[in-house]
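J.: heads up, no residue letters with this:
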């Protein structure tokens, strides 16, 4: 009996170890390789970054091991992985006028190496966000300084054709320093199975543009007015909107709030918007039949006595859908909220220092056990342990030294 119990215990330990060992992912880190004036400086100061860094992340321990990095990629500040896991797209934010671009890479899961495919113009200055649709056939880019949304067909080799649509936004907000013109900060596909809508957050206009997205069309957003035709191996000439064209729906946020990033709840029923200037989170109910977002709540992402500017940056929902997190760059904190599963409403749980400065981006690993914060100005990625019961986070003492980290994304190893 004693031998049987011993064997059983050993078997349990082996299985537990094997399960923990299998929980490893690729972690991609986007960075700023140089700094400059967003108004068009030509003198750039190196941060020492090589570009995009690839790590193996161990979900059992929270440790990350470096694998590879790119060379000669300018400011890959935001990243997106294609659904096939074999291609990666990066906003290459030049910080110079008329030099914004987006780069495509091939990723080898066996070696952990990124291979450059091509680079094309982003259609506007300083692209800040890139997304790939569920089929992997389309890439969209938010041009922050240029104030436009660009749509790119994906080539058979995973590279990018020239943009097929470049949709310019017009207008301004109430903050003359930050909202003097349109500033498109992010673009996100809807969570419905067909991804029939595209949500475009414009910090400068205090608006979310809700665009229908037809992935079978030559111009999926439709602003180009292109005729319906059989798609060839080369797309038609790109179309740039030079006059104002209204989206199907336009959702106004609180004046001066500066909408930055939007995320959807894992159940697909709710959406959450972080306001960069207002320092709050807006809660919406998603209507899949129409794409409409119905406002439910606006809640501060900082303590009640905090004073602006807040410069709130990133937002994520835990994989189990129970908690929501935002980063505040001015206060260098992560705000934690609990989510009511029935209503989607938020309740503040706490605020935790990020152990660094300028927490521009952060991510939760697929298990939900770890939260990693990219502290851009302190050149560090800090690993926090997540309390599964309360949602609170605690520093583990683990830190990655990376020059000017700006984006963190995972890819499950296969």
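T.: Received, thanks. Fair warning: this is a prediction, and the values are worked out from it, not measured in the lab. Residues are numbered from 1 along each chain as shown.

J.: what separation do you get for the nearest residue in space to residue 146 that is not next to it in sequence and residue 29?
T.: Spatially, and ignoring its direct neighbours in sequence, residue 146 is nearest to residue 124 (2.2 Å; CB to CB, 6 or more residues apart in numbering). C-beta here means a position set from N, CA and C on the backbone, and glycine is covered the same way. To residue 29, residue 124 is 25 Å away according to CB to CB, to the nearest Å.

J.: rewinding a little: quick one: contacts for the residue nearest to residue 146?
T.: Counting by CB atoms under 8 Å, 6 or more residues apart in numbering, residue 124 makes contact with 100, 143, 145-148, 150, 166, 168, 184.

J.: is it possible to get TSV of those that adds neighbour count, pLDDT and distance to residue 342?
T.: Converted to TSV, those look like this (neighbours: other CB atoms under 10 Å; pLDDT from 0 to 100; distance: CB to CB, whole Å):
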residue	neighbour count	pLDDT	distance to residue 342
100	27	90	43
143	30	97	38
145	22	94	41
146	26	94	41
147	23	96	38
148	27	96	39
150	31	97	39
166	25	94	41
168	21	94	41
184	29	98	34
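
J.: show me where pLDDT drops low in this structure?
T.: Within the chain, the stretches with pLDDT under 70 are 1-22, 36-44, 95-98, 223-247, 414.

J.: at 50 what do you get?
T.: Residue ranges of the chain with pLDDT under 50: 1-2, 4-21, 38, 40-43, 224-237, 242.

J.: parallel or antiparallel, which strands does the host helix or strand of residue 381 pair with?
T.: Assigned by DSSP states H and E, residue 381 belongs to strand 380-386. Next to strand 380-386 in the sheet, as set by DSSP bridges, lie strand 370-375 (antiparallel), strand 393-401 (antiparallel).

J.: which residues touch the longest one?
T.: Put plainly, it is strand 393-401. Applying CB under 8 Å, 6+ apart, the external contacts of strand 393-401 come out as 29, 55, 62-64, 325, 334, 336, 352, 355, 371, 379-387.

J.: next secondary structure after it?
T.: Next helix or strand after strand 393-401 toward the C-terminus (DSSP H and E): strand 405-412.

J.: which other helices and strands contact that next one?
T.: strand 24-31, strand 76-81, strand 359-364, strand 370-375, strand 380-386 (3 or more CB pairs under 8 Å, 6 or more residues apart in numbering; DSSP states H and E).

J.: paired strands for the longest one, with orientation please.
T.: It stands for strand 24-31. By DSSP bridges, strand 24-31 pairs with strand 53-58 (antiparallel), strand 405-412 (antiparallel).

J.: angle of the last one against strand 359-364?
T.: By that I understand strand 405-412. On the basis of axes from the mean of the first three to the mean of the last three CA atoms, to 10 degrees, strand 405-412 is oriented at 10 degrees to strand 359-364.

J.: tilt between strand 405-412 and strand 76-81?
T.: Using the same axes, to 10 degrees: strand 405-412 against strand 76-81 is 10 degrees.

J.: contacting residues around strand 405-412?
T.: Residues outside strand 405-412 that contact it (CB under 8 Å, 6+ apart): 25-32, 57, 76-81, 85, 107, 360-363, 365-366, 372, 374-376, 379-381.

J.: centre of the chain versus that strand, how much separation?
T.: Computed by CA atoms, centre = their mean, to the nearest Å, the separation of strand 405-412 from the middle of its chain amounts to 9 Å.

J.: identify each buried residue in it, please.
T.: Residues 405-411 are the ones in strand 405-412 that count as buried (16 or more other CB atoms under 10 Å).

J.: how about JSON lines for these, with distance to residue 175 added?
T.: Compiled in JSON lines, the buried residues of strand 405-412 are given as follows (distance: CB to CB, whole Å):
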{"residue": "405", "distance to residue 175": "28"}
{"residue": "406", "distance to residue 175": "23"}
{"residue": "407", "distance to residue 175": "25"}
{"residue": "408", "distance to residue 175": "29"}
{"residue": "409", "distance to residue 175": "30"}
{"residue": "410", "distance to residue 175": "34"}
{"residue": "411", "distance to residue 175": "37"}
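
J.: pick out the most distant pair among those.
T.: Within these, 406 and 411 form the most distant pair, 17.7 Å apart (CB to CB).

J.: need the contact partners of stretch 184-191.
T.: Stretch 184-191 is touched from outside by 124, 128-129, 131, 133-134, 140-144, 146-149, 169, 195-204, 213, 259-264, 268, 276, 286, 288, 291, with contacts defined as CB under 8 Å, 6+ apart.
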